[in-house]
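Asks: Just to be clear, the model below is a prediction. Sequence and coordinates:
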Amino acid sequence: YKEAFHESCAANDPKDVANAFKGKIKDLLTSVNGLLNRKSQYPFLEKLSSLKDLLSTLSNQEYAYFITNLKEFEDDLLDMREDILDPIQTFMNGDQINIYDDIKKMAQGDVTNYDYVQAEDERNTLTDFLANNVPYKGNVLRTAKAAMDALNQKVKERLEEAKQETITTIEETMSFLKEKEGFEKIPPHQQQRVLSIFEEEVNRVQGLRYISSIEKTQLDVEKTHKKNQLALLLQYISQIEVYTPPITPTTVVNDPDNTVVEKPTKEDKPTVSTPQKDIEYLEQISVKFNKQELMTEKDVDAYVKALQEVLKKEINNNKIILL
């Protein structure tokens, strides 16, 4: 009784002890059934099925059976209690089940970031752990937790690294635009329009959780935003009003009374605005050439000449060509 239920029996009469034993068997069966009801969430609880069968059989016996047939079930009951039920109850009622849940959630959740780190060993350890039907035994839980922590750390470091790389790209792009000749000459609100998209991307990157999204942002900055904002900047620069400094040279004239009078020789020149220039990308420019391939130096010279003529024509048509 004490070995099976971890407590002493208050009764002394054999019949009373047997009935108390049977009552404890029923209580134990209720506990085991409660655990088995969770086996869809925790597959390893299936191990309790054999104990459930034994307890179900014992719970239907009369009190005399426990007195006369003790040897028939004693070893099985005590072994299953010690080897299966006690370890599982300790596992389920302590911090271990929380660690198990964290590992399961991690392994069965979004694993997108894991593809960006070298962590094959850690991932295999977690997969093996969740397939283990006795995770409550030995050091397997400790090993799995160490793998989980290591994997999380690798992902965290790569995530921060990707963010920093992208922010560096954004900052370099902003510096490139600020250093373009003419940037300082356009009004502040136009400068802000050129740079605002990059400032927004810096803030957005800080909150991203997926490395793939961060790397896509970096690519967008390099391939799209930089080109588009450069085009916008060049348009603004092309619209800058050109002011010709006033020309007011004077001529000294002697009036009859010998008074010196200064008069302008010509009127001040008016403010002149440069015509707005359109932006065109090099890949959008079509070059008429009678071949589909270049095979000789002569072919190269001919193609370069054709390209040169087209580009010059576009420049003369007041275009800005972005490479």
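Replies: Looks like it arrived, so ask away. This structure is a prediction, so every number in the text was calculated from the model and none was measured.

Asks: Is Asn124 within a helix or a strand, and which one?
Replies: helix 120-131 (DSSP states H and E).

Asks: nope, Ile167 is what I was after
Replies: Short version: Ile167 belongs to helix 140-178, going by DSSP H and E.

Asks: Quick check: buried residues in the following helix or strand past that helix?
Replies: Using DSSP H and E, the helix or strand that follows helix 140-178 towards the C-terminus is helix 188-206. Buried residues in helix 188-206, defined by neighbour count with 16 or more other CB atoms under 10 Å: Gln190, Gln191, Val194, Leu195, Ile197, Phe198, Glu201, Val202, Val205. Using the backbone N, CA and C atoms, a C-beta is placed for each residue, glycine as well.

Asks: quick one: Glu280 is in a helix?
Replies: No. Read with DSSP: H, G, I helix; E, B strand; the rest coil, Glu280 is strand and lies in no helix.

Asks: Show the contacting residues for it.
Replies: Glu314, Lys319, Ile320, Ile321, Leu322 (CB atoms under 8 Å, 6 or more residues apart in numbering).

Asks: ok so, going back, got the angle for the helix holding Ile167 vs helix 188-206?
Replies: The directions of helix 140-178 and helix 188-206 differ by 170 degrees, with axes from the mean of the first three to the mean of the last three CA atoms, to 10 degrees as the criterion.

Asks: mean confidence score for helix 140-178?
Replies: Averaging pLDDT along helix 140-178 yields 96.

Asks: rewinding a little: could you dump the contacts of Glu280 to a markdown table with secondary structure, neighbour count and distance to Gly182?
Replies: As requested, the contacts of Glu280 are exported to a markdown table (DSSP: H, G, I helix; E, B strand; the rest coil; neighbours: other CB atoms under 10 Å; distance: CB to CB, whole Å):
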| residue | secondary structure | neighbour count | distance to Gly182 |
| --- | --- | --- | --- |
| Glu314 | helix | 16 | 20 |
| Lys319 | strand | 15 | 17 |
| Ile320 | strand | 17 | 11 |
| Ile321 | strand | 15 | 16 |
| Leu322 | strand | 15 | 15 |
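
Asks: And the furthest pair within those?
Replies: Glu314 and Leu322 (11.2 Å; CB to CB).

Asks: For the helix holding Ile167, list every residue counted as buried.
Replies: 141, 144-145, 147-148, 151, 154-155, 158-159, 162-163, 166-167, 169-170, 173-174, 177.

Asks: can you check stretch 296-313 too?
Replies: Applying 16+ other CB under 10 Å to stretch 296-313 flags Tyr303, Val310, Leu311 as buried.

Asks: Ok, stretch 23-41 next?
Replies: Going by neighbour count (16+ other CB under 10 Å), the buried part of stretch 23-41 is Lys24, Ile25, Leu28, Leu29, Val32, Leu35, Leu36.

Asks: could these be laid out in JSON lines, adding secondary structure and distance to Lys288?
Replies: Formatted as JSON lines, the buried residues of stretch 23-41 follow (DSSP: H, G, I helix; E, B strand; the rest coil; distance: CB to CB, whole Å):
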{"residue": "Lys24", "secondary structure": "helix", "distance to Lys288": "97"}
{"residue": "Ile25", "secondary structure": "helix", "distance to Lys288": "95"}
{"residue": "Leu28", "secondary structure": "helix", "distance to Lys288": "91"}
{"residue": "Leu29", "secondary structure": "helix", "distance to Lys288": "90"}
{"residue": "Val32", "secondary structure": "helix", "distance to Lys288": "85"}
{"residue": "Leu35", "secondary structure": "helix", "distance to Lys288": "80"}
{"residue": "Leu36", "secondary structure": "helix", "distance to Lys288": "80"}
